[in-house]
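*Asks:* next one to model:
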Amino acid sequence: MTARTLGDLLAAHPHDTAWTVAGERTSPAALDTAAKRLAAGFLGLGHEPGDHVALMMRASPAALAVWFGLARAGLVEVPLNTATRGHLLEHLLAHSRARTVVCDAEFLPLVREAAPAGVRIVVHGSGDAPSLEDVEREPAGFSAVDPDATTVVLYTSGTTGPPKGVRLSHRSNLWLARRTVELMGYTAADRLYSVFPLFHSNARFCSVLPALLTGAGLVMDRRFSASGFWDTCRAHGITAFNFQGAMLTLLHNRSPRPDDADNPVRVGFGAPCPPEVTEAFERRFGVALTEIYGSTEASLVVEGPPGERRSGSPGRAAAGYEVRIVDERGHEVPRGEAGEIVCRPKEPGILFSGYHDMPEETVEAWRDLWFHTGDRGRMDAAGYLYFLDRLSDSIRRRGENVSSWEIERVLATHPAVDAVAAYGVPSPLSEEDVMVAVVLVPGAGLDGPGVVAHCTGRLTEFAVPRYVRFLDALPVTPSQRTEKYKLRADGVTADTWDREA
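*Replies:* As a prediction, this is how the structure comes out:
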């Protein structure tokens, strides 16, 4: 019988295949046992199906057990970026309506300071709060869980406002996992490798769930190391890995070695890189790369297996999706012309079910019966998609969506700042680096290091600007909206301060 929920999936595949998560050994069988005990425990705390439980945990066997335990109990997991701090953390914990927060011990002081009154805190590791072990109970029977019920809320960067919580169902999670397995040809003989955190869809749905579905081995590290990547792959017999952001570029830029192609990896799966990097990487390391285009909301929209790839394109519409390019009024444009990338599913339940507590934003994104990605692209006569840039006011840095709104909000609190605009500029590694244009209060003094110092600790590390430019005034429209496209076109000017210089 095909599993229809995450809890059923784990229970149906309790194999003893060795998994290594952040250096700790575990297996699906061990996770199934721990998840059932935690499911019973969370329900025993008074939670009811549909309640939200926030997580601030790094990748670990315990984090996986909490994820599947909440899914088994019919609760909604809200995994938060572990780099989140200050006002943004306060906002997310309040907006998520989490009744309980589970955190690693290192985050306990942050969570205590940011959590709304009355929210229960459970700690993984030592700390003066109830522990996961305190929560566990002997499992009894569990009520059936609706496959179309929300199982996770993943917060993604806001464009003109705070981050949006993307509601995803069991069905949508499993669709993406199964599509990944089909596309990549994973089997029990494979060993998958991920360096992505569990608050991203990549590690969850394109590594953990595919490993469960196939019986494959799994290795998860908490961070990417270009110097240690291939040693890890050789030591663990890795046959497949996921990539995103600058990973391929960083690996490609390392000095060639005679044994570069002497590795067990056969395939890689991820977001597109510059075509010259992709092609050179495949030749040098002997790895076939599959590139895709998607989003948290719509998962895998466009796919490009190696044999079907065209230079500069992630591929054509994925099985299960229609893709179009439309103008500003929603009309499809002729092939070859640029416009917004929109998509819609051919199957029920595989798209996100809305933004948590943001009905207007949900309607705006899902207008004219198409999901509007906020990305600009074109499509050739054969249906291959080419990403051009972002229409939305967000920044993509090394696989992370960065909220320009949040950067601007933080810098606006500095007494020397009169106006500020945050935007992305091309990074030499791939994607973008964060740049801010700052207008100072007359007579005030502030320099680039001062801007970075004000942001550090108030923003996630990857959102702290690399480039700072001081202007007498920001370019604006007659309605006083900042014309960021002009700032992006200027790029990194001679008078720009670079904190990496």
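*Asks:* Lys36 is in what secondary structure piece?
*Replies:* If you go by DSSP states H and E, Lys36 is part of helix 28-44.
*Asks:* pLDDT of that helix, averaged?
*Replies:* Confidence for helix 28-44, expressed as mean pLDDT, is 96.
*Asks:* using PDB, list the CA coordinates for it.
*Replies:* The C-alpha trace of helix 28-44 is given here as PDB (Å, rounded to 0.1, in the frame of the first residue of the first chain):
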ATOM      1  CA  PRO A  28      14.700   4.700   9.800                       C
ATOM      2  CA  ALA A  29      13.900   1.900  12.300                       C
ATOM      3  CA  ALA A  30      15.300   3.900  15.200                       C
ATOM      4  CA  LEU A  31      13.600   7.100  14.000                       C
ATOM      5  CA  ASP A  32      10.200   5.300  13.700                       C
ATOM      6  CA  THR A  33      10.500   4.200  17.300                       C
ATOM      7  CA  ALA A  34      11.500   7.600  18.600                       C
ATOM      8  CA  ALA A  35       8.900   9.400  16.400                       C
ATOM      9  CA  LYS A  36       6.000   7.300  17.800                       C
ATOM     10  CA  ARG A  37       7.000   8.000  21.400                       C
ATOM     11  CA  LEU A  38       7.300  11.700  20.700                       C
ATOM     12  CA  ALA A  39       3.900  11.700  18.800                       C
ATOM     13  CA  ALA A  40       2.300  10.200  21.900                       C
ATOM     14  CA  GLY A  41       4.100  12.700  24.100                       C
ATOM     15  CA  PHE A  42       3.100  15.800  22.200                       C
ATOM     16  CA  LEU A  43      -0.500  14.600  22.200                       C
ATOM     17  CA  GLY A  44      -0.200  13.900  25.900                       C
END
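*Asks:* residues in contact with Arg191?
*Replies:* Ala216, Gly217, Leu218, Val219, His236, Gly237, Ile238, Thr239, Ala240, Pro264 (CB atoms under 8 Å, 6 or more residues apart in numbering). From N, CA and C alone the C-beta is placed, and that goes for glycine too.
*Asks:* tell me the bridge partners for it.
*Replies:* Counting by DSSP bridges, Arg191 forms beta bridges with Gly217.
*Asks:* so how far is Leu168 from it?
*Replies:* According to CB to CB, to the nearest Å, Arg191 stands 27 Å off from Leu168.
*Asks:* with Trp405 instead?
*Replies:* On the measure of CB to CB, Trp405 and Leu168 end up 23 Å apart.
*Asks:* which of these two has more residues huddled nearby?
*Replies:* Neighbours were counted for Trp405 and for Leu168 using other CB atoms under 10 Å; Leu168 has more, 26 against 18.
*Asks:* so who does that one touch?
*Replies:* Thr150, Thr151, Val152, Val153, Leu154, Ser201, Thr296, Phe352, Ser353.
*Asks:* again with Thr151
*Replies:* Here Thr151 is in contact with Thr5, Leu6, Leu70, Ala71, Val76, Glu77, Leu168, Ser169, His170, Asn173 (CB under 8 Å, 6+ apart).
*Asks:* quick check: the second one touching His170?
*Replies:* Yes - proximity of Leu6 to His170 meets the contact threshold set by CB atoms under 8 Å, at 5.5 Å.
*Asks:* shared neighbours, those two?
*Replies:* Ala71, Thr151.
*Asks:* specify the local secondary structure of Ala3.
*Replies:* coil (DSSP: H, G, I helix; E, B strand; the rest coil).
*Asks:* tell me how many other residues surround it.
*Replies:* Neighbours around Ala3, by other CB under 10 Å: 19.
*Asks:* same check, this time on the one 5 residues further on
*Replies:* Using other CB under 10 Å, Asp8 has 19 neighbouring residues.
*Asks:* in stretch 180-191, what's buried?
*Replies:* Thr180, Val181, Leu183, Met184, Tyr186, Asp190, Arg191 (16 or more other CB atoms under 10 Å).
*Asks:* check those and tell me the two furthest apart.
*Replies:* Leu183 and Arg191 (17.7 Å; CB to CB).
*Asks:* centroid-nearest residue for the protein?
*Replies:* His200 (3.3 Å; CA atoms, centre = their mean).
*Asks:* show the contacting residues for it.
*Replies:* Leu154, Gly399.
*Asks:* picking up where we left off before, can you put the contacts of Arg191 in a markdown table and add pLDDT?
*Replies:* Shown next, in a markdown table, are the contacts of Arg191 (pLDDT from 0 to 100):
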| residue | pLDDT |
| --- | --- |
| Ala216 | 97 |
| Gly217 | 97 |
| Leu218 | 98 |
| Val219 | 99 |
| His236 | 98 |
| Gly237 | 98 |
| Ile238 | 99 |
| Thr239 | 99 |
| Ala240 | 99 |
| Pro264 | 98 |
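*Asks:* ok, so of those, who is nearest Arg396?
*Replies:* Ala240 (23.9 Å).
*Asks:* Val265 is in contact with that closest one, correct?
*Replies:* Yes - here Ala240 reaches Val265: they are 6.8 Å apart, a contact under CB under 8 Å.
*Asks:* Arg120 pairs with what?
*Replies:* If you apply DSSP bridges, the partners that Arg120 bridges to are Thr100.
*Asks:* 342 is where my numbering starts, stick with that
*Replies:* In the new numbering, first residue 342, that becomes Arg461.
*Asks:* that one: neighbour count?
*Replies:* Neighbours of Arg461 (other CB under 10 Å): 17.
*Asks:* what does Arg378 give?
*Replies:* Arg378: 19 neighbours (other CB under 10 Å).
*Asks:* and the strand or helix carrying Glu749, what does it pack against?
*Replies:* Per DSSP H and E: Glu749 is located in helix 745-752. Packed against helix 745-752 by the contact rule (3 or more CB pairs under 8 Å, 6 or more residues apart in numbering; DSSP states H and E) you find helix 427-436, strand 758-767, strand 773-781, helix 789-796.
*Asks:* what sits against Leu517?
*Replies:* By CB under 8 Å, 6+ apart, the neighbours of Leu517 are Ser542, Phe546, Cys547, Leu550, Ser640, Leu641, Ile691.
*Asks:* now the helix or strand harbouring it: how far from the chain's centre is it?
*Replies:* Secondary structure assigned from DSSP H and E places Leu517 in helix 511-525. Helix 511-525 sits 16 Å away from the centroid of its parent chain (CA atoms, centre = their mean, to the nearest Å).
*Asks:* so Asn742: helix, strand or coil?
*Replies:* Relying on three-state DSSP, one would call Asn742 strand.
*Asks:* count of residues packed around Thr417?
*Replies:* I think there's a mix-up here, since residue 417 is Val and not Thr. Neighbour number of Val417 under other CB under 10 Å is 26.
*Asks:* mind listing what it touches?
*Replies:* Gly391, Asp392, His393, Val394, Leu411, Thr491, Thr492, Val493, Val494.
*Asks:* repeat the analysis, applying 6 Å as the threshold.
*Replies:* Contacts for Val417 (CB atoms under 6 Å, 6 or more residues apart in numbering) come out as His393, Thr491.
*Asks:* same deal with the one 4 residues further on?
*Replies:* When contacts are counted by CB under 6 Å, 6+ apart, Leu421 touches Ala395, Met397, Leu433.
*Asks:* and it, backbone torsions?
*Replies:* phi -100, psi 150 (degrees, to the nearest 10).
*Asks:* so what's it closest to, chain neighbours aside?
*Replies:* Nearest non-adjacent residue to Leu421, counting by CB to CB, 6 or more residues apart in numbering: Met397, 5.0 Å away.
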